[in-house]
Structure formats: C-alpha cells, structure tokens
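Undergrad: Quick one, structure for this:
(2 chains)
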Amino acid sequence: DTAVSQTPKYLVTQMGNDKSIKCEQNLGHDTMYWYKQDSKKFLKIMFSYNNKELIINETVPNRFSPKSPDKAHLNLHINSLELGDSAVYFCASSHLLGRGGGETQYFGPGTRLLVL
Amino acid sequence: GQNIDQPTEMTATEGAIVQINCTYQTSGFNGLFWYQQHAGEAPTFLSYNVLDGLEEKGRFSSFLSRSKGYSYLLLKELQMKDSASYLCAVLTGGGNKLTFGTGTQLKVEL
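TA: Modelled structure (predicted):
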C-alpha cells in the first residue's frame, strides 16, 4: 500500500523515560513533518525535513529530536518524557512548495502517547 | 503571527447543506487546505485553494477570497458519515509550514 505509516500506534510510558516514534512514507515525497495534536484537538507543526535537511523547527523543547536517515523516513526521539507530552503525534509527508498543489500533506495514522 | 478562526461546533440534518467558515490572518499565503478528521483517525485531505473562487469536488466545495482572508467549505447532501472535525489550514513560507485552525466539529443528525 502507498501511504504514510507510523509505529507504534500506541505508546504508554512512565515519566522520565526516553522513547522513539518511527515514520515511513512510500509516496515519493521529499518533505516530511511531525505534528502534535493535544487533548483539545489542536494540530500544531513541530518539525519539517526536506531531503534529510531540517527546514522547520518550531518552538519545541530540545528534549524532542527528529532524525531523518533518508527522505522516506523521519523519526522522533523524545528524552525525559513529561506528563504534558501526552498527545497524538502525526507524521506527514508532501512535495516541497512549488508543484501547484502537489504540496498537499498526507498524514500517517498517528501515535497516541500517554505519559504516566 | 498566524491566526485562523473557525466555529467550534456545528449541527446539521442529514440530506441538508452546511457551510463551515474560516477566516485567517497570516504572514504570507501559499494556499488554503481543508482536511476532514474522524475521531481517532488521521486528518485526510479534502480540498486546496490558492486562487480566488470556488473549487468543486463531488459533494464538497471550497471557496477562497484572499483579499478578505476568508474561506468556506460547503458540504451538500449531508450523510451521517460526514460527522467529523473539519480543519482549515493555511500554507505559508518556503518550508511548507501548514498552520491549522482549531477545527469545526460537525454533527449530522437524522
């Protein structure tokens, strides 16, 4: 199937732990993103990578570190997890701007993170 | 700064037409997107407008007025499965930054 996939789908962990979320896309896109959706359902951009290069870095604690081994993968590592990190994290991918609508972002299924 | 406003909730009847409005004030503009998000699922792409006017796609249409900073999503012949959150999002900057509104929760009733 052509899609954006994420693992794991659910993640329950203790405060202070370190965890990673993986994302892969096989849509041939060159840009990938991480979004956080909080309990009020507000979806906010965290990071964006184009061809393995960081191009968007919003005001996110440096406990969050994205890593892009290649343009089809973008992982998110979170150190020293806090209660406030509980949210749904969505990965997305697109072409970069300039393709007349080809920059539509397609979202993965989300990772539901619960920090206890 | 970026500011995108949508109504929080709307209710409509099956078979009816509903219009969900979105107003925006952003630094730069490269297009406006509408996404649909069912509870517990990912946002899915509905429409894209970059020029003024109406884009029609089946039961869904989206309108844009760049001078007014205004868009709407029109859903016709509403079905129960249209009950979802509808997210307005504006694309800005060279890095494809997509800024979302808080979403409009649409409930379709019999």
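Undergrad: so after the lowest-mean-pLDDT helix or strand in chain B, what's the next helix or strand?
TA: Ranking every helix and strand in chain B by mean pLDDT, DSSP states H and E puts strand B:97-100 at the bottom, with a mean of 91. Per DSSP states H and E, the first helix or strand lying C-terminal to strand B:97-100 is strand B:104-109.
Undergrad: bridging residues for the one residue sitting closest to the centre of chain A?
TA: Chain A has residue A:34 as the residue nearest its centroid, 2.6 Å off, counting by CA atoms, centre = their mean. Note on residue A:34: beta-bridge partners by DSSP bridges are residue A:47, residue A:91.
Undergrad: which parts of the strand or helix carrying residue A:49 are buried?
TA: Element membership of residue A:49, judged by DSSP H and E, is strand A:43-50. By neighbour count with 16 or more other CB atoms under 10 Å in any protein chain shown, strand A:43-50 contains the buried residues A:43, A:45, A:46, A:47, A:48, A:49, A:50. All C-beta atoms are positioned from the backbone trio N, CA, C, and that covers glycine.
Undergrad: Give me the distance between it and the centre of its chain.
TA: On the basis of CA atoms, centre = their mean, to the nearest Å, strand A:43-50 sits 7 Å off its chain's mean C-alpha point.
Undergrad: Stretch A:52-63 too?
TA: Per CA atoms, centre = their mean, the displacement of stretch A:52-63 from the mean C-alpha position of its chain is 11 Å.
Undergrad: Can you get me a residue count around residue B:11?
TA: Residues lying near residue B:11 (other CB atoms under 10 Å in any protein chain shown) number 11.
Undergrad: any idea of the pLDDT on it?
TA: According to the per-residue confidence, residue B:11 scores 98 in pLDDT.
Undergrad: which residues of the chain score low on pLDDT?
TA: This is for chain A. A:1-2, A:97-102 (pLDDT under 70).
Undergrad: please go with chain B instead
TA: Short version for chain B, where the test is pLDDT under 70: B:94.
Undergrad: Run through the residues of it sitting next to chain A.
TA: B:30-31, B:33, B:37, B:41-45, B:48, B:50, B:85, B:87, B:91, B:93-100, B:102-103 (CB under 8 Å from any CB of the partner chain).
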